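> What shape does this take:
(chains A, B, C and D)
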Protein chains: 2
Amino acid sequence: MNRSASIKDVANQAGVAVGTVSNVLNYPDRVSPRTKERVQQAIEELGFVRNDAARQLRAGHSRTIGLIVLDVGNPFFTAVVRAAEDAAALLGSAVLLGDSGHDASRESNYIDLFQEQRVQGLLIVPVGDVTGRIDQLRERGVPTVLVDRLADESKYSSVSVDDDAGGYLAARHLLDSGRRRLAFVGGPASIRQIADRLQGAQRAVGEEPGATLELLDSDGQTVLAGRSVGDMLVERGQLPDGIFCANDLLALGVMQSLAMTHRLRIPEDVALIGYDDIDFAASAVVPLSSIRQPTQALGRTAIELLVEEAEAESPIHRAVIFTPELVVRQSTGAARSTAGAAGSSPQGGRL
Amino acid sequence: MNRSASIKDVANQAGVAVGTVSNVLNYPDRVSPRTKERVQQAIEELGFVRNDAARQLRAGHSRTIGLIVLDVGNPFFTAVVRAAEDAAALLGSAVLLGDSGHDASRESNYIDLFQEQRVQGLLIVPVGDVTGRIDQLRERGVPTVLVDRLADESKYSSVSVDDDAGGYLAARHLLDSGRRRLAFVGGPASIRQIADRLQGAQRAVGEEPGATLELLDSDGQTVLAGRSVGDMLVERGQLPDGIFCANDLLALGVMQSLAMTHRLRIPEDVALIGYDDIDFAASAVVPLSSIRQPTQALGRTAIELLVEEAEAESPIHRAVIFTPELVVRQSTGAARSTAGAAGSSPQGGRL
DNA sequence: CCTCGTTTTTGAATCGTTTCATTAGTACGA
DNA sequence: TCGTACTAATGAAACGATTCAAAAACGAGG
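Numbering: from 1, shown residues only, chains lettered A, B, ... in the order given. Next up, the predicted model:
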């Protein structure tokens, strides 16, 4: 009920100086066993808990790293967050998580908040153009790394995945399995990732004489949006024989519409491939082929780059680009009806 | 690059005392317009950002509330988190999120961390028995509210949902639609929520002469676990005509197995109902009936109770219990084949 | 010009920890 | 006994914001 015990209270109780208590906490070797024991007992008795605010104040910085993502509801980001948390834990730091929800002003608020908290550094999956803010942060000694967004290596550090290559991989796979009339389902082309995936797909189709790629705009990247695209396809009657969706949620929606509502067979009538390889993809009605992004490596590397930024004397940046990986499952595979996931497992990209 | 500007630097730059700068920041009315302007300009020039650690140290507590959930991957918890964040924001507080992942030691670590941060209070969806820690926290002036877990009102504050009532509602609905051979699919009965839902279902079945309820243990509460239960049911050949799953993920798994792999018709051959009403339920292959829990109200009320706890002189606690709500969709409804979600929308419970 | 009342501004004290230059204590050899 | 070379313990200073009693500035009225 009353105010909690401070290091001074502990020192009194144990009959030592405050510095000694601090040493017990931070440099146990410097303290004689007898004293250490007395102090620890006092800590026990008083229920002393370090005040982190005071530590930070003295240290000049916190032991936290800020991370701002576009949408915590998206399993892809959740996976990246988890990897970053693990990597940060190894450094003895914790991650403060912010969800911008694709909203630039919320993003800006989080940046402000994290600055007040004196985070050690900032990882950000940017909504809009944040280069100005990042420059400002750097002036104030806060290193920043862009995540899932390629940036000019001479000015910023970034970790990203080659979306063009991913798009190529997906379309190439459909073509290799004999499909020729492809369709790309994807949200607003203003989103960089989606535009790049489309571009990669177009490149693959361009290499294959006689193959076509149709563009199907979707309203967002949700399961529901995918369903309505699927319904629309069936209504108009003219079906592609291979569909590449800009993410797995869309693909699952399309699958539901085609396979269940309209009784089409996947992959016999239409092959389907998604992007992200979320957990749900493997356990979908028809296990979904997908493009796996190395979420583990993304999160881990982001932290590594942050450390490099922080330690570098002169401002040297790096742009790490990972290559995504094709995961083949039933939705594009041979016509079997056994369940279960196929595809390679090893997680990781290359530096 | 160099250390960031302090309030003292601003004071020098503006030619005023530190107290004045503080006043500009916290009590602008007390400062004359001329001075205010000078100070604000200095802040601008130096790029001054408040140091939150110093504020907290002085204030004795932070402006954050700790929240520990069992699994951030579960949409149910994500929804509660969001509601709590919104409610906290109205109080000018931020939420620190911790994910215990059903692991008691991780839970304990987060409690320690939040104590060091001097959070204003703690909301916790407990893994094991945390009453000891909560008592300890209270002694140290940290109010705590249990979330999604009913507690002895004389000792703790809690917000929960009446899982017995939810189970009753689900089973009653299956019985009302003419099913008699019911099955309950659910993970380990050691989990309170699951045991309560089962108990409610048993109560409903007991009221209906001739109705039976079979218990099907599942290995966890995931989509995959649901699939294997479904496969098992088909293999052994003896099907119930109504299935109640302890959560939506399980239900979706069962649905995939029965409807897709084994070509059974839902709801004609088997009716299916889940629990939680996650977003995905409405957009499943066959839109899934479910029991909606008032996630909004849960999160909001948790914060309210926390405030009550904090302000109360004498230790007065409250246990708020919400009543869940039946959402009827196609998986238990009349045999139509139109897609789209049915069911009531208004979110919320009652106090 | 002085007084009184009000509005502004001041600056030392405070929060709890870490740091580090000093001091105290101990053991050993000369 | 004294000096030396340690190890252990001390306690004042610093971190940066807020608070608040006291001082200063200002305006109005006499």
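> so residue A:10 is in which element?
helix A:7-14 (DSSP states H and E).
> again with residue A:146
Going by DSSP H and E, residue A:146 is in strand A:144-147.
> check whether that strand contacts chain B.
No - Strand A:144-147 stays clear of chain B (CB under 8 Å from any CB of the partner chain), getting no nearer than 13.8 Å. (C-beta placed from N, C-alpha, C; glycine too.)
> Mind checking the pLDDT average for that strand?
The average of the pLDDT scores along strand A:144-147 is 97.
> name the helices or strands packed onto the helix holding residue A:10?
Judged by 3 or more CB pairs under 8 Å, 6 or more residues apart in numbering or on different chains; DSSP states H and E, the packing partners of helix A:7-14 are helix A:18-26, helix A:33-46.
> pull the CA atoms of the worst-scoring helix or strand of chain A on mean pLDDT into CSV?
Least confident helix or strand, chain A: helix A:279-282 with a mean of 76, by mean pLDDT, DSSP states H and E. Output of helix A:279-282 as CSV, limited to C-alpha atoms (Å, rounded to 0.1, in the frame of the first residue of the first chain):
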residue,chain,number,x,y,z
ASP,A,279,0.1,-21.2,-40.6
PHE,A,280,-3.4,-21.4,-41.9
ALA,A,281,-2.3,-22.1,-45.4
ALA,A,282,-1.1,-25.6,-44.6
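> need the next SSE after it, C-terminal direction.
Following helix A:279-282 toward the C-terminus (DSSP H and E): strand A:290-292.
> Tell me which helix or strand comes right after that following strand.
Downstream of strand A:290-292, the next assigned helix or strand under DSSP H and E is helix A:295-311.
> Quick one: residues in contact with the helix or strand just after that following helix.
Toward the C-terminal end, the helix or strand that comes next after helix A:295-311 (DSSP H and E) is strand A:319-322. Contacts with strand A:319-322, where a contact means CB atoms under 8 Å, 6 or more residues apart in numbering or on different chains, come from A:150-153, A:156-162, A:293-294, A:297-298, A:301, A:305, A:349-351.
> Recalculate using a threshold of 7 Å.
Strand A:319-322 is contacted from outside by A:150-151, A:153, A:157-162, A:294, A:297-298, A:301, A:305, A:349, A:351, using CB atoms under 7 Å, 6 or more residues apart in numbering or on different chains.
> Give me the helices and strands touching the strand holding residue A:146, please.
With contacts defined as 3 or more CB pairs under 7 Å, 6 or more residues apart in numbering or on different chains; DSSP states H and E, strand A:144-147 has these neighbours: strand A:121-124, helix A:131-139, strand A:157-161, helix A:295-311.
> Please name whichever of these is nearest to chain B.
helix A:131-139 (6.8 Å; CB to the nearest CB).
> can you pull the buried residues of the closest one?
A:133, A:134, A:137, A:138 (16 or more other CB atoms under 10 Å in any protein chain shown).
> ok, now how distant is the last one from residue B:4?
As defined by CB to CB, to the nearest Å, residue A:138 lies at a distance of 12 Å from residue B:4.
> Same question for the third one.
Taken as CB to CB, the spacing of residue A:137 relative to residue B:4 amounts to 11 Å.
> Look at the residue in chain A positioned nearest to DNA strand D and report its pLDDT.
Closest approach between chain A and DNA strand D, counting by CB to the nearest atom of the strand: residue A:19, at 2.2 Å. If you check residue A:19, the pLDDT there is 95.
> give the contact list for it.
No contacts exist for residue A:19 under CB under 7 Å, 6+ apart.
> ditto for residue A:50
A:25, B:116.
> So it: helix, strand or coil?
coil (DSSP: H, G, I helix; E, B strand; the rest coil).
> which sections of chain A are below the confidence cut-off?
A:1-3, A:283, A:334-351 (pLDDT under 70).
> 50 - rerun?
Residues of chain A meeting the criterion pLDDT under 50: A:1, A:335-351.
> How is chain A partitioned into domains?
Domain segmentation of chain A under automatic domain parsing yields A:7-50, A:62-161+A:296-323, A:163-293+A:326-332.
> just how off-centre is the last one within its chain?
Relative to the mean C-alpha coordinate of its chain, domain A:163-293+A:326-332 is positioned 22 Å out (CA atoms, centre = their mean, to the nearest Å).
> Can you identify the element that follows the helix or strand where residue A:182 lies toward the C-terminus?
Assigned by DSSP H and E, residue A:182 belongs to strand A:181-186. Tracing the chain past strand A:181-186, the next element assigned as helix or strand by DSSP H and E is helix A:192-207.
> quick one: contacts of the very next helix or strand once past that next one?
Going down the chain from helix A:192-207, the next helix or strand is strand A:212-217, by DSSP H and E. Residues outside strand A:212-217 that contact it (CB under 7 Å, 6+ apart): A:181, A:182, A:183, A:184, A:185, A:201, A:202, A:205, A:229, A:240.
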